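J.: Generate a structure from the sequence data that follows.
(2 chains)
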There are 2 protein chains.
Amino acid sequence: MLQGKTPVVSQAVVRRLPIYLRYLQQLQAREVDTVSSQEMGRDLDINPAQIRKDLAYFGEFGRKGIGYHVPYLIEKIRQILKLDRNLPVALVGAGHLGIALSNYSRLRRSELAIAAIFDKDPRKIGLAVAGLTVQGMDDFETRVREQGIRIGIVAVPAPEAQAVANRMVEAGIVGILNFAPATLRTPPTVHVRYSDVTSELQALAYYVR
Amino acid sequence: MLQGKTPVVSQAVVRRLPIYLRYLQQLQAREVDTVSSQEMGRDLDINPAQIRKDLAYFGEFGRKGIGYHVPYLIEKIRQILKLDRNLPVALVGAGHLGIALSNYSRLRRSELAIAAIFDKDPRKIGLAVAGLTVQGMDDFETRVREQGIRIGIVAVPAPEAQAVANRMVEAGIVGILNFAPATLRTPPTVHVRYSDVTSELQALAYYVR
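T.: Numbering: from 1, shown residues only, chains lettered A, B, ... in the order given. Reported below is the predicted structural model:
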């Protein structure tokens, strides 16, 4: 949906923006003030022309022969990704992975903190996890809407993942991070990202001689 | 290192191969026999020319006007990624995340199963996790070498991640999957992949209006 200054960009571009952001924040921590697309490309193993093209979707952030001003580009990418506001996240699945995610301090300190934890298992409902109480799934949609949550994390076993995703879509969630090794079917307005340990290890296997 | 038929390909290409593989395996489960780079590109949100180029690094797998034969391409990608043999994996960190990874059945059934779990915490050493016993870090390098392990998973807190990575490099590990939100410095011969929940959620934040 084209609206105002926000262009329609591919998911691949959107996926790269957080990688640029993490890198730029590392540069900032080292008090590096400017960076060229060449340097970024070398460090991130991404074609510099791709980086320039990705960023140019959103504005003219760099200057020829100088490069990008690090603090300015950080601010701009944070605005593009809407990280200049708090976006509460709902987690479904209070197993080992869910608890690890809930306790993850970097996430807790961020604008994308887990604000509600759900599990259908009666033995888990009521448990205190990372300052929150695990809730049952009965009023899931109501609770999610009440808290204005638009992003969800699926941390349930694969056979249950689609049912959880359906509930999330029903509750108005538009972004799902799926840790279950299952492909989710969602409406085109809902974006799904997969965190797939197997794929990551397979990529590393390539380098074993 | 250029050796025989194995070309030097960028990390970006290697990263995409498991995504192609997972997709092709889904097609195979649905008994789809051929697929074009156009169809792959549409479903995976990757430029079809990029897909053709990626695969062409390794051979001529497709036919003009027909596309790729799904079972054949699966076999070829598995060979390229060296998934036609078992590659045991060492996990360091027996916290919630480490235990979740160890119990992850898809990984346990795969050629990339976790074969050894380590933790420096005396309270965790000796615990039974997913059929394995958590070992201390004292003999880490010896144990890793004995089991012929070349791939490691870092699931420790960020401040400890670099020290663990150093031990892994010392033990002859050449591929590291890092779950700690810390950039790891390793020799150029050692490949690091980052699993970063924060980056994934940030990409989803873009779609929240």
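J.: how about the helix or strand bottoming out on mean pLDDT in chain A: buried residues?
T.: Lowest mean confidence among the helices and strands of chain A (mean pLDDT, DSSP states H and E): helix A:105-108, at a mean of 75. The neighbour-count check on helix A:105-108 (16 or more other Cβ atoms under 10 Å in any protein chain shown) flags residue A:107 as buried. For the C-beta atoms, the positions are set from N, CA and C on the backbone; glycine is no exception.
J.: which residues are in contact with that helix?
T.: By Cβ atoms under 8 Å, 6 or more residues apart in numbering or on different chains, the residues outside helix A:105-108 that reach it are A:101, A:113-114, A:130, B:158, B:181, B:197-198, B:201.
J.: how about the helices of chain A, start to end?
T.: Assigned by DSSP state H, the helices in chain A fall at A:11-29, A:37-44, A:48-56, A:70-80, A:96-102, A:105-108, A:140-146, A:158-170, A:197-205.
J.: which of those helices has the lowest average pLDDT?
T.: The weakest mean pLDDT among the helices of chain A belongs to helix A:105-108, with a mean of 75.
J.: Kindly export that one (C-alpha atoms) in CSV.
T.: The C-alpha trace of helix A:105-108 is given here as CSV (Å, rounded to 0.1, in the frame of the first residue of the first chain):
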residue,chain,number,x,y,z
SER,A,105,17.8,-8.7,28.2
ARG,A,106,18.6,-7.0,24.9
LEU,A,107,15.0,-7.4,23.8
ARG,A,108,13.6,-6.4,27.2
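J.: next one: it to chain centre, how far?
T.: How far helix A:105-108 lies from its chain's middle: 13 Å, per Cα atoms, centre = their mean, to the nearest Å.
J.: to the chain's geometric centre, what's the distance from stretch A:71-87?
T.: Distance, centroid of stretch A:71-87 to centroid of chain: 13 Å (Cα atoms, centre = their mean).
J.: and that stretch, does that touch chain B?
T.: Yes: Stretch A:71-87 reaches chain B (Cβ under 8 Å from any Cβ of the partner chain) through A:80-83, A:87.
J.: now do stretch A:180-196
T.: Yes: counting by Cβ under 8 Å from any Cβ, contacts between stretch A:180-196 and chain B involve A:181, A:183, A:191, A:193, A:195-196.
J.: Can you point out the buried residues in that stretch?
T.: A:180-182, A:184, A:186, A:190-196.
J.: For that stretch, what is the distance to the chain centroid?
T.: With Cα atoms, centre = their mean, you get 12 Å for stretch A:180-196.
J.: try stretch A:172-182
T.: Relative to the chain's own centre, stretch A:172-182 is displaced by 10 Å; criterion: Cα atoms, centre = their mean.
J.: Dump the C-alpha coordinates for it into PDB.
T.: The C-alpha trace of stretch A:172-182 is given here as PDB (Å, rounded to 0.1, in the frame of the first residue of the first chain):
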ATOM      1  CA  GLY A 172      -4.800  -8.000  14.300                       C
ATOM      2  CA  ILE A 173      -1.100  -8.900  14.400                       C
ATOM      3  CA  VAL A 174       0.600  -8.000  11.200                       C
ATOM      4  CA  GLY A 175       4.100  -9.300  11.700                       C
ATOM      5  CA  ILE A 176       5.000 -12.800  12.900                       C
ATOM      6  CA  LEU A 177       8.400 -14.200  13.800                       C
ATOM      7  CA  ASN A 178       8.100 -18.000  13.500                       C
ATOM      8  CA  PHE A 179      10.500 -20.300  15.300                       C
ATOM      9  CA  ALA A 180       8.600 -23.400  14.500                       C
ATOM     10  CA  PRO A 181       9.900 -25.300  11.500                       C
ATOM     11  CA  ALA A 182       6.700 -24.900   9.600                       C
END
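J.: domain assignment for chain A?
T.: A:11-80, A:89-200 (automatic domain parsing).
J.: With distance to residue B:65 as added columns, please give these in JSON lines.
T.: Shown next, in JSON lines, are the domains of chain A (distance: least, Cβ to Cβ, whole Å):
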{"stretch": "domain A:11-80", "distance to residue B:65": "27"}
{"stretch": "domain A:89-200", "distance to residue B:65": "28"}
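J.: most tightly surrounded among those domains?
T.: Mean neighbours per residue, mean count of other Cβ atoms under 10 Å in any protein chain shown, is largest over these for domain A:89-200, with a mean of 19.
J.: Out of the buried residues of stretch A:180-196, flag the one nearest to residue A:143.
T.: Taking Cβ to Cβ as the measure, residue A:143 sits nearest to residue A:190 out of those, at 18.6 Å.
J.: and the gap between the closest one and residue A:168?
T.: 8 Å (Cβ to Cβ, to the nearest Å).
J.: what residues are shared contacts of the two?
T.: Common contacts of residue A:190 and residue A:168 (Cβ under 8 Å, 6+ apart): residue A:176.
J.: Can you get me the start-to-end distance on stretch A:88-101?
T.: End-to-end span of stretch A:88-101 (Cα to Cα, to the nearest Å): 14 Å.
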